[in-house]
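Participant: fold the following and give me the result.
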Amino acid sequence: MKKTLQTITVIVMVMGCITQDTEDSRHKLVMEKEISQSTSTTAPPVPTTSIRLATTSTSTTSQPPTPLEESQSYLERIGSFEKIGERVCEIEGKPIIRAYGKIGCHGCEWSDELFDEFVKEYEQRGLVVGRHWLFDTRDDTLTPTIEETMPESEYDIFFSDDNNPSKSLPYFNFGCIYSKTGNSHMIKDDKEAERKEYVTVIEEIIKKKEVTKLS
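Facilitator: Residues are numbered from 1 along each chain as shown. Here you go, the predicted model:
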């Protein structure tokens, strides 16, 4: 009788362990299933920047410029000249065409006469006002007098980080719209090509000024 009771007790204990193991296994399976589902159904986070960019590009579609707006926009680059502004600096309604150099600067001396002749031609036609400053003499070679003093405003233009970040010579500033340092065609000694670049820039500025007046 005693042995029978002991046997029953052992069977009950074993069954309890089996039941517990079964419950543990079942719980483990449920947990694994939940983890698996959450992993497969949760989308990876989307960067907010992408959404904003997509929304912005969709909702703020830019309209093509009108013919007038397009004609008033200066080209970003003409040859080696880069656009530095949108508003023409002028005297008596004429764009100011500037060059800066100094005696003994090989690049300056290569383009000195070329620039002066070019500017005088447009000055005689009443289209521009020319300035050609030499730093060492502080003289404007386009005037008959020897100035010996450069206006502070001329220093400001040359040393401006927006206009001439390298502070190099020769430096050209056409109408405060386009500027460049150096001579594009000096390496080939092609002054005609250099002059054509000057002409293209000047004509662009004059053309845009006329369009602005008419508008």
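Participant: give the contact list for Leu169.
Facilitator: Leu169 makes contact with Tyr100, Gly101, Lys102, Cys105, Gly107, Cys108, Phe135, Thr181, according to C-beta atoms under 8 Å, 6 or more residues apart in numbering. In short, each C-beta sits where N, CA and C put it, glycine included.
Participant: closest one of the residues you listed to Glu86?
Facilitator: Ranked by distance to Glu86 (C-beta to C-beta), those are led by Thr181 at 20.7 Å.
Participant: check which residues of stretch 180-191 are buried.
Facilitator: By neighbour count on 16 or more other C-beta atoms under 10 Å, the buried set for stretch 180-191 is Lys180, Thr181, Gly182, Asn183, His185, Lys191.
Participant: what separates the second one from Tyr100, distance-wise?
Facilitator: As for Thr181, its distance to Tyr100 is 9 Å (criterion: C-beta to C-beta, to the nearest Å).
Participant: check the fifth one too.
Facilitator: Relative to Tyr100, His185 is positioned 19 Å away (C-beta to C-beta).
Participant: which members of the contacts of Leu169 are positioned in strands?
Facilitator: In this view, the contacts of Leu169 that belong to strands under DSSP state E are Tyr100, Gly101, Thr181.
Participant: show me what the last one is bridged to.
Facilitator: Under the criterion DSSP bridges, Thr181 forms beta bridges with Tyr171.
Participant: can we start the residue count at 13 from this point?
Facilitator: From this message on, residue numbering opens at 13, which makes the last subject Thr193.
Participant: that one: what's it in contact with?
Facilitator: Asn176, Ser178, Ser180, Leu181, Pro182, Tyr183, Phe184.
Participant: hmm, which two among those residues are most spread apart?
Facilitator: Ser178 and Phe184 (13.0 Å).
Participant: can you tell me the closest non-neighbouring residue to Cys101?
Facilitator: The shortest distance from Cys101 to any non-neighbouring residue, by C-beta to C-beta, 6 or more residues apart in numbering, is to Cys188 (3.8 Å).
Participant: need the strands for the chain, in chain order.
Facilitator: Using DSSP E, strands in the chain cover 89-90, 93-95, 102-103, 106-113, 141-146, 151-152, 183-186, 190-193.
Participant: select, out of those strands, the one closest to Ile169.
Facilitator: For the strands of the chain, the distance to Ile169 is smallest for strand 183-186, at 5.9 Å, taking C-beta to C-beta.
Participant: burial measure for Ile96, as a count.
Facilitator: Neighbourhood size, Ile96 [other C-beta atoms under 10 Å]: 18.
Participant: isn't it right up against Ser191?
Facilitator: Yes: between Ile96 and Ser191 there is a contact at 5.1 Å, judged by C-beta atoms under 8 Å.
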